[in-house]
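Q: Fold the following and give me the result.
(chains A and B)
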Amino acid sequence: MPDIEPFSPRGMFHEGWTAEVSDYAIACGWALKGKQFIVGDVAGGIFAFEGDTGKIIWKKENTHSGGLLAMAIHPEGEIFATSGQDGNVQICNCHEGKVIKTLDLGKGWVEHLKWSNDGLFLAIATSKKVYVFNEIGEEKWISEDHPSTVSAITWSNKNELATACYGRVTFFDIVNNKTNQKLEWQGSLVSMELSPDGDIVACGSQDNSVHFWRRSTGMDAEMTGYPGKPSHLSFDDSGKLLATSGSERITVWSFIGNGPEGTMPGELCHHTEPISSLAFSNKGMLVASGSRDGSVVASFLKNDGNGDPVGAAFAGDLVGAISWRPDDCALAAVNAKGVVNVWKFKVRTNLFSKGFK
Amino acid sequence: MSIKDKVPVTILTGFLGSGKTTLLNRILSEEHGKRIAVIENEYGEVGIDQGLVINADEEVFEMSNGCICCTVRGDLIRVLGNLMKRRDKFDYVLVETTGLADPGPVAQTFFMDEEISSEFTLDGIVTLVDAAHIDQQLGRSDESSEQVAFADVLVLNKTDLVSDDALDTLESRLRDMNRMTRIIRAENAKVPIETVLNLSAFDLDQILKRRPTFLEPEYPFEWTGVYDLEPGKYELILEEGPDPEMSLVAIVNQGESEEELKDGAESSVRLYAENANTLEPGNTVPYGEHVNLKLENKGNKSFILNIEKPSKIGLFTQHTAEEFNMKVIKSDENKEIPFNTERFWQAEHEHDDEVGSIAIERFGDVDPEKLNTWMGRLLSEKGVDIFRTKGFISYSGNPRRIVFQGVHMLFTAQPDKEWGNEPRRNQLVFIGRNLNEKEMQEGFDKCLI
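A: Next up is the predicted model:
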């Protein structure tokens, strides 16, 4: 249990609703344009709540024998995909949770799922292989074996998929079955994010550093000095700031001007234990962070990566995942005890009711 | 999170065919009340019977700095990272490695990765050895000697296929390579569960309780008896024994406390280093000199001890008194004088293997800064060859003893219980390849205050 005392929502966070799922909550996301909130727990329970009230809409348990590993909601918000230790991926309908299609990918754990931005493709990583399926579950592409288990996947544009594993990041044109680019570096890459324009590739590394490349120039840099491995990374929507975990502080690198090489990062010290989740708002320079100590903080950042907290709330236990509602007017956090918290996010005066500007 | 809340992890290593799966099944099927999660790298022909079993391919991740000590096992980080979210389902983890696995990265994972080390604690490394084949394997591969070197427990399996003599020889070879290990003989991997699980092998007190001499240096003598003698003439009588001769050093005013015995032992080591004078039966034993008793003749042999004023005499003998039924008799009364105190020592013997253990034991305090500098340099120069380090240290000015342990270059030092009335001392064991004992002891001595 966290050592900090429970506290009521402060600043721009306001009481919303809470609910519970059956086990340690590991994944969550908004569907149906914010009308629905879906939570997955480690044992394979999936729960859909009304976005405004937290009323349960549907639930199902034991969707993946051995447990759930990943969940991804389609950008249109009508369907979602889940994967687990059973080697399966299920594509489901958000309204009732019904399985539309089950994909059996063999024995390995299926650890990563990502929909392409236009929603036409679902990328799936299991062991050393990556698959791409379309919305209705037809196989479109399979990678060769990677040198090690794939640790992260992300789409760089509508046909190009980036994969990270031990020692390298690879860009595949999945329509023409081509390898577009390989970025190599000896280290175990544990996380990966791309800037919205796809130029900057940032990876957290097992050796407690963040490595990044600029695809256009081929330049790369290594940011060291983290006490732990940066498992969580988030770019803001303009690609100027990269927030990183790796300790109880949030370290923010600014890509404005010649940075971040040779610059001091912004540092936000709001939590007493390491950061366990991190997410920029859909629009603007607001970053939300959840910690092992159960606290959730939203900070408003300046161009240099420094900033001030604008709101805080207590989620009760280790924050497993956080998610901004598509309009950024609410933030959801799910925790290790299976508790779901959704707070309204707005200024305390009634002047602005449309969220943060 | 305190160490008590962390989930203990046992690493099971051993060559293919040494009986790992048999042992694993034995552990899983026994009634021990534990719910064990198993991470398996080797998919043997024998299946695992039950329990939460996760298969994962071995993935050894080296870091960009090229330091082998930072090398970790990516598969374990992944699987344990998931298991830590399911703590209500199990309370113990067993990791079964492949026969060729290097135990270093496996153990290092529990030190290097903060997320893992905050939730799991390495309880011990158990290595299975096939008694019939290990002799050849040790000659052929580095992996097998490293698995022996890393072990907290060595299960000498398939003893039914080997003679007792061969087992004794093998056991002493393995003991030479790793002096802090516990060796258990087994047929068909049949060992009591408590000898392989919940060892707290990284807890020194446990080890010392089990084998109080494991940290001791080796001496050229096996036994000391301290006799309280009034003035007069005494005879030292020896019956026939295993050897035609025996070295001995007699020390005057030998104290009986542990510290005084160790001081006496240190002086005797120096005297043993000098050439021995041969004594025939009937000769007088000099004090503070290395002598070699001639014992070829049949029947009892008697040597003379002359005492001028009341004194405690310490006899440091190459073999134990029992082996020759050695007695001290007061000549005029023909009465046996029993020893007041006896002490057995770890006897020294030949080391054949490259892999071996070095122990350092010294009374007194060390200067923390000097020690840090010395350890830092030692581990950065020799970290690749030093597999395991365990010990405790007395820092000057600190009321608690400092316990430390390491794997290759990584080591942790933390304050342990208070010294209280115990004499302050330092004990260290290094297990590694081609270590220079003298150099390391001298280096440590320079850190003493």
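Q: By residue count, what's the longest strand in the chain?
A: Here I'm looking at chain A. strand A:178-194 (DSSP state E).
Q: other chain: chain B
A: For chain B, the strand with the greatest residue count under DSSP E is strand B:120-130.
Q: What average pLDDT does that strand get?
A: In this model, strand B:120-130 carries a mean pLDDT of 90.
Q: So it, near chain A or not?
A: No: using CB under 8 Å from any CB of the partner chain, strand B:120-130 never reaches chain A; the gap is at least 15.2 Å. Where you see a C-beta, it was placed from the backbone N, CA and C, and this is true even at glycine.
Q: What's the mean pLDDT across the helix or strand just after that strand?
A: Next helix or strand after strand B:120-130 toward the C-terminus (DSSP states H and E): helix B:134-140. Per-region confidence: helix B:134-140 scores 78 on mean pLDDT.
Q: which other residues reach the helix or strand following helix B:134-140?
A: Per DSSP H and E, helix B:134-140 leads on to helix B:142-150 as the next helix or strand towards the C-terminus. Defining contact as CB atoms under 8 Å, 6 or more residues apart in numbering or on different chains, one finds that helix B:142-150 is touched by B:13-15, B:99-104, B:107, B:125, B:127, B:129, B:134, B:137-138, B:154, B:174, B:177-178, B:181, B:353-355, B:387-388, B:407, B:431-433.
Q: do that again at 7 Å, thanks
A: With CB atoms under 7 Å, 6 or more residues apart in numbering or on different chains as the contact definition, helix B:142-150 has outside contacts at B:13-15, B:100, B:102-103, B:107, B:125, B:127, B:134, B:137-138, B:154, B:174, B:177-178, B:353, B:355, B:387-388, B:431.
Q: From those, which land in strands?
A: Per DSSP E, the subset of those in strands is B:13-14, B:125, B:127, B:154, B:355, B:387-388, B:431.
Q: who touches B:Arg140 in this structure?
A: B:Arg140 touches nothing, counting by CB under 7 Å, 6+ apart.
Q: List the buried residues in the longest strand of chain A.
A: Buried residues in strand A:178-194, counted by 16 or more other CB atoms under 10 Å in any protein chain shown: A:181, A:183, A:187-194.
Q: Look up the pLDDT of residue 283 for me, please.
A: Since no chain was named, I'll use chain A. Note on A:Lys283: pLDDT of 93.
Q: wrong one, chain B
A: With respect to pLDDT, B:Asn283 scores 93.
Q: ok, now which ones touch B:Leu174?
A: B:Leu174 is in contact with B:148, B:154, B:183, counting by CB under 7 Å, 6+ apart.
Q: Near the second one, how many other residues are there?
A: As a burial measure, the neighbour count of B:Leu154 was computed by other CB atoms under 10 Å in any protein chain shown and equals 25.
Q: re earlier: from the buried residues of strand A:178-194, which has minimum pLDDT?
A: Lowest-confidence member of these: A:Gly187, scoring 87 (pLDDT).
Q: My read is that that residue contacts B:Met63, right?
A: Yes: counting by CB atoms under 7 Å, B:Met63 is a contact partner of A:Gly187 at 6.1 Å.
Q: Could you tell me which residues touch both of the two?
A: With CB under 7 Å, 6+ apart, A:Gly187 and B:Met63 have common neighbours A:206-207.
Q: where does chain A dip in pLDDT?
A: Scanning chain A for pLDDT under 70 picks out A:1-2, A:347-357.
Q: Contact residues of it facing chain B?
A: Residues of chain A lying close to chain B (CB under 7 Å from any CB of the partner chain) are A:24, A:26, A:42, A:67, A:148-149, A:166, A:185-188, A:206-207, A:228.
Q: Next, give me the two most distant ones among those residues.
A: A:Tyr24 and A:Gln186 (33.6 Å; CB to CB).
Q: Which helix or which strand is home to A:Thr251?
A: Applying DSSP H and E as the criterion places A:Thr251 in strand A:250-254.
Q: ok, now how distant is B:Pro105 from A:Asn159?
A: Counting by CB to CB, to the nearest Å, the gap from B:Pro105 to A:Asn159 is 38 Å.
Q: List the residues that contact residue 40.
A: As the question left the chain open, I've gone with chain A. Applying CB under 7 Å, 6+ apart, we find A:Gly40 in contact with A:26-27, A:46, A:68, A:71, A:82.
Q: Correction: the question concerned chain B.
A: Contacts for B:Glu40 (CB under 7 Å, 6+ apart) come out as B:48, B:53-55, B:96.
Q: out of the residues you listed, which one sits closest to B:Tyr395?
A: After measuring these against B:Tyr395 - CB to CB - the closest member comes out as B:Glu96, at 39.0 Å.
Q: Thought B:Leu12 was touching that closest one, still the case?
A: Yes: using CB under 7 Å, B:Glu96 and B:Leu12 qualify as a contacting pair, with a distance of 4.7 Å.
Q: how close does the one residue sitting closest to the centre of chain A get to A:Tyr166?
A: Note on chain A: the residue nearest the mean C-alpha position is A:Ala279, at 6.8 Å, using CA atoms, centre = their mean. A:Ala279 is 26 Å from A:Tyr166, where distance means CB to CB.
Q: And for A:Glu5?
A: The gap separating A:Glu5 from A:Tyr166 is 41 Å, by CB to CB.
Q: B:Glu354 too?
A: Going from B:Glu354 to A:Tyr166 by CB to CB gives 31 Å.
Q: who's more crowded, the two?
A: A:Tyr166 (21 against 15).
Q: Go through the helix or strand where B:Ala359 lies and flag the buried ones.
A: Using DSSP H and E, B:Ala359 maps to strand B:355-363. Across strand B:355-363, burial judged by 16+ other CB under 10 Å covers B:355-362.
Q: The nearest residue to A:Ser281 once chain neighbours are set aside: neighbour count?
A: Leaving aside its sequence neighbours, A:Ser281 sits nearest to A:Asp328 (CB to CB, 6 or more residues apart in numbering or on different chains; 4.6 Å). Neighbours of A:Asp328 under the rule other CB under 10 Å: 22.
Q: Check whether A:Asp328 really touches A:Asn282, as I assumed.
A: Yes: using CB under 7 Å as the test, A:Asp328 is close enough to A:Asn282 to be in contact (5.4 Å).
Q: tell me the residue furthest from the middle of chain B?
A: Relative to the centre of chain B, the most outlying C-alpha is that of B:Asp332, 46.1 Å out, by CA atoms, centre = their mean.
Q: OK, contacts around it?
A: Counting by CB under 7 Å, 6+ apart, B:Asp332 makes contact with B:Gly232.
Q: With B:Leu448 instead?
A: Contacts for B:Leu448 were tallied using CB under 7 Å, 6+ apart; they are B:362, B:364, B:366.
Q: ok, how many other residues are close to the residue lying closest to the last one once chain neighbours are set aside?
A: Read that as B:Val366. Spatial nearest neighbour of B:Val366, chain neighbours left out: B:Cys447 (4.6 Å); criterion: CB to CB, 6+ apart. By other CB under 10 Å, the residues close to B:Cys447 number 20.
Q: B:Cys447 and B:Ser396, how far apart?
A: The spacing between B:Cys447 and B:Ser396, counted by CB to CB, is 10 Å.
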